[in-house]
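> Requesting a structural model of the entry that follows:
(one chain, ligands or ions: 2)
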Amino acid sequence: MDGLPITKLPEIAFAGRSNVGKSSLINALTNRTDIARTSRTPGRTREINFFKLNDRLMLADLPGFGYAKAPKTLVKQWTRLVETYLRGRPNLRRTCLLIDARRGAMKSDIAVMDALDEAAVSYLIILTKSDKLKPEALSRTIASSENILCKRPAAFPMIIVSSSKNGDGLPVLRSHLTGLAESAPTD
Ligand SMILES: Nc1nc2c(ncn2[C@@H]2O[C@H](COP(=O)(O)OP(=O)(O)OP(=O)(O)O)[C@@H](O)[C@H]2O)c(=O)[nH]1
Ligand SMILES: [Mg+2]
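Numbering: from 1, shown residues only. Ligands and ions are numbered 1, 2, ... in the order given. This is a model prediction of the structure:
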């Protein structure tokens with residue numbers, strides 16, 4: 001936590017289970033291919049990586065949770081880092097909680113929602129990898145996610161469905177994040 005950059009910029013965090021597509025989504029949003037390192041193997045992002053956009057907004061790519069194969073001590077370290085970050089980052093405006101649209105919210109996602117609700121950190125649910133589902137299956141996950149969300153005090157009352165492969169949901173997410181960015185300096 002001591003090594004994190006100190007900044008006044010509004011910050012958006014990308015959290016979620018390992019391999020859900022956090023780093024890929026940051027790349028897709030910023031139109032870059034590999035600004036954030038991605039991998040087919042879960043557990044790629046092991047530190048918090050910050051991306052400053054045009055001096056207006058900071059994006060934070062968090063290590064994933066729920067990666068059972070990593071050594072237990074490492075998993076504990078990542079979890080503690082992410083928890084401390086989410087609770088103690090003063091400029092954090094929104095946490096994007098990414099959930100794989102094929103699976104829907106799992107136990108570990110619910111645990112993170114509990115922690116975010118408790119800390120009153122506003123979060124937005126994003127269902128990722130929509131390109132991998134048929135429309136009916138996607139509608140089912142959306143419905144079940146809405147069900148979970150409506151009982152959660154800190155959840156933003158909207159679900160975004162996204163795909164970093166085909167660009168699904170990126171415009172709406174961009175406009176949402178733009179709304180949280182600092183307005184341009186006037187002088
Ligand atoms: N089909 C499809 N694959 C995706 C999408 N987003 C990510 N992937 C793939 O999913 C894998 C994991 O992506 P990452 O972006 O590295 O996932 P992460 O959440 O950052 O993972 P950790 O850093 O381990 O926590 C990669 O093989 C990506 O190519 C998507 O929208 N559609
Ligand atoms: Mg990553």
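
> Only C-alpha atoms from now on, for both contacts and neighbour counts.
OK.

> where exactly do the helices run in the protein?
Ranges of helices in the chain, per DSSP state H, are 22-29, 72-88, 107-119, 135-149, 170-180.

> hmm, who's touching the second one?
Going back to what we said before, that points to helix 72-88. Met1, Arg46, Glu47, Leu62, Pro63, Phe65, Tyr67, Ala68, Leu92, Leu116, Ala119, Val121 (CA atoms under 8 Å, 6 or more residues apart in numbering).

> show me the contacts for the fourth one.
Residues near Leu62 by CA under 8 Å, 6+ apart: Ala13, Phe14, Ala15, Lys22, Thr45, Arg46, Glu47, Ile48, Asn49, Val82.

> Keep only those of those that are in strands.
Ala13, Phe14, Ala15, Asn49 (DSSP state E).

> Can you confirm whether the helix or strand of the chain with the lowest mean pLDDT lies near ligand 2?
Within the chain, no helix or strand scores below helix 72-88, which has a mean of 81 by mean pLDDT, DSSP states H and E. No. Looking at helix 72-88 against ligand 2 by CA under 5 Å from the ion, there are no contacts, and the closest approach is 12.4 Å.

> returning to that earlier point: now the contacts of helix 72-88 in TSV, with pLDDT and distance to ligand 2?
Output for the contacts of helix 72-88, formatted as TSV (pLDDT from 0 to 100; distance: CA to the ion, whole Å):
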residue	pLDDT	distance to ligand 2
Met1	74	18
Arg46	71	8
Glu47	82	9
Leu62	89	7
Pro63	86	6
Phe65	82	10
Tyr67	71	12
Ala68	66	15
Leu92	94	19
Leu116	90	20
Ala119	86	24
Val121	90	21
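
> These, buried ones only, as a ChimeraX selection?
Selecting only the buried entries of these in ChimeraX, with 16 or more other CA atoms under 10 Å as the criterion:
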select :62,63,65,92,116,121
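
> So of the contacts of helix 72-88, which two are at opposite extremes in space?
Farthest pair in the contacts of helix 72-88 (CA to CA) is Ala68 and Leu92. Separation: 27.8 Å.

> Which strand runs longest in the protein?
The chain, longest strand under DSSP E: strand 92-100.

> Please enumerate residues in contact with stretch 36-53?
18-19, 21, 23-24, 26-27, 58-64, 67, 70, 78.

> go again using 7 Å as the cut-off
Under the contact criterion CA atoms under 7 Å, 6 or more residues apart in numbering, stretch 36-53 has outside partners 18-19, 23-24, 26-27, 58-64, 67.
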